[in-house]
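Student: Test case, fold it:
(one chain, ligands or ions: 1)
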Amino acid sequence: MSTKSRQTIYGGRIMGAEIRAQGAREAAKRAARDADRAEAEAWSIRMEGYGGPAQPSSTIGQCLNGGLGWLEVECNRCKTRASLPLDAIRRPRDTPLWKLEASLKCRSCMKGRHAPPVHIIKLTEGREITPYKWVHPGEDR
Ligand SMILES: [Zn+2]
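Tutor: Numbers count the residues shown, from 1 in each chain. I've put the predicted structure just below:
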């Protein structure tokens, strides 16, 4: 067989297979994103509707991947709410959200290193309420 006819026969098949592979990879990425979003959403609805349980929860990375990049929290004492961008929280991306609750602090209620607990309200796509100066996890060490 000549090089030319070989290329005609196999070249097209290789290209077709490569295109299918790329399509499948993109579909898998979309599916993972959809799954991450659905899981984060279910957790968020549970938190908002029933106040928990917070465990188990999605991770920071899963929420960001699923497009729910903001965490709304409320101070148990002054009831101030804040929207925190998850991508700005200095924690590994595989940190589950429930672990953040204990390290979030309301700045206006903080006395020295002591601060009243806060609780997570829900996840949102964007900032829904005015930003408020909160101490982010990781800033206090
Ligand atoms: Zn407060």
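
Student: Would you tell me which residues of the protein are close to the ion?
Tutor: For the chain, the residues found near the ion under the criterion Cβ under 5 Å from the ion are Cys75, Arg77, Cys78, Cys106, Cys109. Heads up, the C-betas are built off the backbone N, CA and C, glycines and all.

Student: Hmm, the fourth one is touching Pro116, no?
Tutor: Yes: in this structure, Cys106 is within contact of Pro116 by Cβ atoms under 8 Å, at 6.8 Å.

Student: Can you lay out the residues of the chain next to the ion as CSV showing secondary structure and pLDDT?
Tutor: Conversion of the residues of the chain next to the ion to CSV gives the following (DSSP: H, G, I helix; E, B strand; the rest coil; pLDDT from 0 to 100):
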residue, secondary structure, pLDDT
Cys75, strand, 92
Arg77, coil, 93
Cys78, coil, 92
Cys106, strand, 88
Cys109, helix, 89
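
Student: all strands for this structure, in order.
Tutor: Secondary structure of the chain, counting by DSSP state E: strands at 70-75, 81-85, 105-106, 118-124, 134-135.

Student: looking at these, which one has the lowest mean pLDDT?
Tutor: In terms of mean pLDDT, the lowest-scoring of these is strand 134-135 (a mean of 62).

Student: More neighbours: which of Cys106 and Pro116?
Tutor: Between Cys106 and Pro116, counting by other Cβ atoms under 10 Å, Cys106 is the more crowded of the two (24 against 13).

Student: Leaving out sequence neighbours, find the closest residue to that one.
Tutor: Counting by Cβ to Cβ, 6 or more residues apart in numbering, the nearest residue to Cys106 once its immediate chain neighbours are dropped is Cys75, at 3.7 Å.

Student: Thank you, goodbye.
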